[in-house]
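J.: sequence isn't available, so here's the structure alone:
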């Protein structure tokens, strides 16, 4: 561009008239629609375009694209800013809706979400208070009711009464699973240390005074080692401390090991009895399903244990909860209806955009443990939703899953989930039939863990495993070799994952998991999440073929020699 | 509607083909645009329509409009759901953007926000991780940089270096002011109890162990009595306890009373020295400005005190922070650049839709106190924004204030804020010139507190105040009378507020504040927030006239006789 054309850039002078026009709908909707139409085309072509998932731009280039260090001085034309959005931002966004993007829970969403967001933004209701959210307060209440019923299945009259109750509190909408767990575990913590005589309760007097009053040294949260990282985060936030999150080992299906759980609880009981360490239990957390392996804990057994030991039972169903919509799948979740609280995310399996979740409580008294109010908003006798939320100002996000449940319905969700189960099963079959891949989980829900293991390395590993499991002379040597081989495979799979990112034609994520089968060694895993209704079985084959091609190339050029020593 | 036409309702059969179509952009953008166009018109007419602010529907009717107790079974046509949204929801939403709605911080927003929300939803980036948020990670970093510079004003090279730093952490985007305060006070709490020898830090070992290690009985947060209710909420959440939030009285300008603050701190110092009670101070919180009175604390003096006593200094600028954009206004905020952390909301004075905020930290090390990671996302050596946030999954909300700052620019924001100052000044003048209203605050920012006090009651009250302030024989009697008169005026203003809600032609909010002038009695206040660029001086007069008319009617029919006894 010549310097001359640069100087031709229109100078915009700010004046109140110009600004005021930005704040009102144009007199005729035409101009607004003109912008809207351009945007819709832009969005349309972003989705239609072939090409990589992440765009080829390097992080370095991105640093420099967005490296203004202060707020721009002058105004800019909206169309110029939208053009910048198009060329710099949309062009370098991640195509999370692509059928080849099967690495994270962020999936394709129905296109009408875009329309719903338009409504949410234009109404700009603030859910904290009825004075800023009239009908939307009631839509949210209705949505919470649906979610409570989905989990707890009380009868119609129970819900009718409660919907008519000003002090309705079957649950609360939250930003995401982290806030969902935070809300539930706060309720659990607060209900464990209620006011009692001189002691005014943990909310009022704090954690240290509460422990002193209860005569305990520590309080713990118990969850399997597959618990989401937000459980640790919440323990840090609410003053329990993450060293007091007790992680119970999982079985080979990545579900909490019930015997190990009982043994921990009995240990606590004993040391409480003999006074060696006095421990209170804030909550037992079940998972449905785990974010890394898609497994659902044995919730019914956990509910038994929670009752037996008198523990608050929370289920983190952020990922899997929506599958309860399908009656045929409820058996997997058996016991969830006995949980004291359950959180689930709309931006996961209710196919809403990020982010929104909900936490529901079995007891309608539970949310009273975090109730608060203030004089200028959220009066105690109001219907204000803000009385029961960790968050303050909140958008009307509940419109999205509420409308989706109407448009798609139970019947539609059954189809979507059946389809996702079909994809997940197919991916298992492809991996199992392939000689260069090893699958490491048996998911209850839509998440497949596997890794690239070249055929001859697999044969070697099997042989070593066999002798490691026998008490022969080779046992020790085999154990050492297995660890070393897995280390090398970890390196190989990290390389493979990088090469996949480089080629950028598909995306799976990568994690590291302690695998019971391999004597609890940390294994690098490829993780596929198959919930996008646009992903097909053919696409899954394509993705595996790509991984096989790249995996073999990396193996041959960098790794095959390093495996040789184990063949001796 | 006849039963016949009811049965004519189209039955929609769910099948995967139908569902899949919902998940992709239609082949041509036309159909999408057709829906979009309808919606845009709908939104347009919602804003153009004359009529009440809250819609006339009763809460009872709203209960029954949204009283389905379970998830709908079948699918519905999108157009039917959108029609329901139009007739039931949009029609009964609060017109928070109306120029007559001056009661809460939720104001009119620029119409292009609707376009930005469309982009955010269609890209559906999840800010937790670069793998789900590529360019958007860098836009958010740029926005945080702008906000850091707005507050701390470091030089260009400082920001250039930091933008290029993978471990960038000048601040973090949050859901709202509550989460903003939570983030800041967590950092404050954690940095007060770091790991130390055998003690592994408060995050790891929890609040009780931390207190024991530090040899303290309690930890406190100090804020003026005008502190937002979220400070109490945060104290409850992070295990400090709300009884350990020390509320310092305010002066007649609603700013923290510095002498009272010093006296509290000296008291703590003394009881720490003599061992009678051992107290640690988590943070001193300054406010800019208060949500109820629009006042800004003397931040520079508070910063001096924080340095002198070695206390973490946080400024809650959720409401007022954006005004820093106007150079001429910075003097009011003097000292904010010395705060350890500052939070500010985009959905307040950056005119974004609800909700988004940001917390920035003076020290780039600060956010290290809440850093966390996990294996499958948020690796410690990544650029993932999720490393430093209380929240997990988060939408790309930063696009909204980022684009707004480009479109409107510093120059435009100066105009907007100058206009808002003009409105606020005008409202003061109208109230002061009016014989039936009493103003109770002198705001630094856009919030006016006042109440309806009929002329003759005002005269009575002034007379009683005069004798109450002298040591005459009438002193006691006058004090009692003042309290009783104010009680009656409280009732009267509550009635007036209800009548205003009934008539629904304008909206101010109502609160109750302890007023220093009236010997710290709790006084019911009408609260007006004048930040909407569509509100005019003429509209303010209209609103006051309406309040005067209703106030007089209520006074004459229900209250005048009850005031008579005081005239004796």
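T.: Done, it's in. Since the model is a prediction, treat every value here as computed from it, not as a measurement.

J.: start to end distance for stretch A:325-335?
T.: Across its full length, stretch A:325-335 reaches 15 Å between end residues, using CA to CA, to the nearest Å.

J.: report whether it contacts chain B.
T.: Yes: looking at stretch A:325-335 against chain B by CB under 8 Å from any CB of the partner chain, the contacts come from residue A:325. Backbone N, C-alpha and C define where each C-beta goes, glycine included.

J.: ok, now stretch A:517-534?
T.: Yes: using CB under 8 Å from any CB, stretch A:517-534 reaches chain B at A:527, A:532-534.

J.: so who does residue A:384 touch?
T.: Contacts for residue A:384 (CB atoms under 8 Å, 6 or more residues apart in numbering or on different chains) come out as A:128-130, A:137, A:373, A:377-378.

J.: try 6 Å
T.: Residue A:384 makes contact with A:129-130, A:378 under the criterion CB atoms under 6 Å, 6 or more residues apart in numbering or on different chains.

J.: and residue A:519, by the same measure?
T.: Contacts were defined as CB under 6 Å, 6+ apart; by that measure residue A:519 touches no other residue.

J.: neighbours around the residue of the stretch 201-350 of chain A found nearest chain B, how many?
T.: Nearest to chain B, among the residues of the stretch 201-350 of chain A, is residue A:239, at 2.4 Å (CB to the nearest CB). The local packing of residue A:239 (other CB atoms under 10 Å in any protein chain shown) involves 28 other residues.

J.: identify the residue nearest it in space, chain neighbours excluded?
T.: Distance criterion CB to CB, 6 or more residues apart in numbering or on different chains; nearest residue to residue A:239, sequence neighbours excluded, is residue B:239 at 2.4 Å.

J.: element containing the one you found, please.
T.: When elements are defined using DSSP states H and E, residue B:239 is found to belong to no helix and no strand.

J.: thought it was touching residue A:208?
T.: No: using CB atoms under 6 Å, residue B:239 is not in contact with residue A:208, being 7.8 Å away.

J.: what touches both of those two?
T.: Taking CB under 6 Å, 6+ apart as the contact criterion, the common neighbours of residue B:239 and residue A:208 are residue B:207.

J.: checking residue A:528 next. Helix, strand or coil?
T.: Three-state secondary structure (criterion: DSSP: H, G, I helix; E, B strand; the rest coil) places residue A:528 in strand.

J.: that one pairs with what?
T.: With DSSP bridges as the criterion, residue A:528 is bridged to residue A:448.

J.: distance of it relative to chain B?
T.: Between residue A:528 and chain B the distance, using CB to the nearest CB, to the nearest Å, works out to 12 Å.

J.: pretty sure that residue is touching residue A:104, no?
T.: No: taking CB under 6 Å as the definition, residue A:528 is not a contact partner of residue A:104, at 10.1 Å.

J.: these two - which one has more neighbours?
T.: Using other CB under 10 Å as the criterion, residue A:528 and residue A:104 rank with residue A:528 on top: 26 against 22.

J.: which pLDDT value goes with the more buried one?
T.: Looking at residue A:528, its pLDDT is 98.

J.: spit out the contact partners of it.
T.: If you count contacts by CB under 6 Å, 6+ apart, then residue A:528 has A:102, A:448, A:508 around it.

J.: same thing but 7 Å
T.: Applying CB atoms under 7 Å, 6 or more residues apart in numbering or on different chains, we find residue A:528 in contact with A:102-103, A:427, A:448, A:508.

J.: for residue A:461, same thing?
T.: When contacts are counted by CB under 7 Å, 6+ apart, residue A:461 touches A:453, A:482, A:485.

J.: what's the closest of those residues to residue A:306?
T.: Compare each of the contacts of residue A:461 with residue A:306 using CB to CB and the shortest gap goes to residue A:482, at 37.6 Å.

J.: now the closest one: how far from residue B:20?
T.: Residue A:482 sits 44 Å away from residue B:20 when distances are taken as CB to CB, to the nearest Å.

J.: so between the two, which is more surrounded?
T.: More crowded of residue A:482 and residue B:20, by other CB under 10 Å: residue A:482, with 20 against 17.

J.: what strand or helix carries that one?
T.: When the helices and strands are read off by DSSP H and E, the one containing residue A:482 is helix A:475-503.

J.: now that helix: mean pLDDT?
T.: Per-residue pLDDT over helix A:475-503 has a mean of 96.

J.: okay, the contacts of residue A:461 in CSV with distance to residue A:33 next?
T.: Formatted as CSV, those follow (distance: CB to CB, whole Å):
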residue, distance to residue A:33
A:453, 56
A:482, 65
A:485, 62
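
J.: and those residues, which is closest to residue B:160?
T.: Using CB to CB, residue A:453 is the member of the contacts of residue A:461 that sits closest to residue B:160, with 45.7 Å.

J.: quick check: residue A:523 touching residue A:486?
T.: Yes: under the criterion of CB atoms under 7 Å, residue A:523 makes contact with residue A:486 at 6.0 Å.

J.: any chance you could map the strands in chain A?
T.: Assigned strands in chain A, in chain order: A:171-174, A:218-224, A:245-248, A:279-287, A:313-316, A:341-345, A:357-361, A:437-439, A:447-452, A:509-515, A:521-529 (criterion: DSSP state E).

J.: just send those back as a markdown table, with distance to residue B:170 too.
T.: Below are those laid out as a markdown table (distance: least, CB to CB, whole Å):
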| stretch | distance to residue B:170 |
| --- | --- |
| strand A:171-174 | 27 |
| strand A:218-224 | 32 |
| strand A:245-248 | 30 |
| strand A:279-287 | 34 |
| strand A:313-316 | 32 |
| strand A:341-345 | 29 |
| strand A:357-361 | 28 |
| strand A:437-439 | 43 |
| strand A:447-452 | 35 |
| strand A:509-515 | 28 |
| strand A:521-529 | 32 |
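
J.: identify the bridge partners of residue A:511.
T.: On the basis of DSSP bridges, residue A:511 takes part in beta bridges with residue A:525.

J.: and it, how far from residue B:124?
T.: Separation of residue A:511 from residue B:124 (CB to CB): 22 Å.

J.: neighbour-wise, which of those two wins?
T.: Between residue A:511 and residue B:124, counted using other CB under 10 Å, the more crowded position is residue B:124 (26 against 18).

J.: list the residues that contact that one.
T.: Contact criterion CB under 7 Å, 6+ apart gives A:96-97, A:106, A:109, A:353-354 as the residues in contact with residue B:124.
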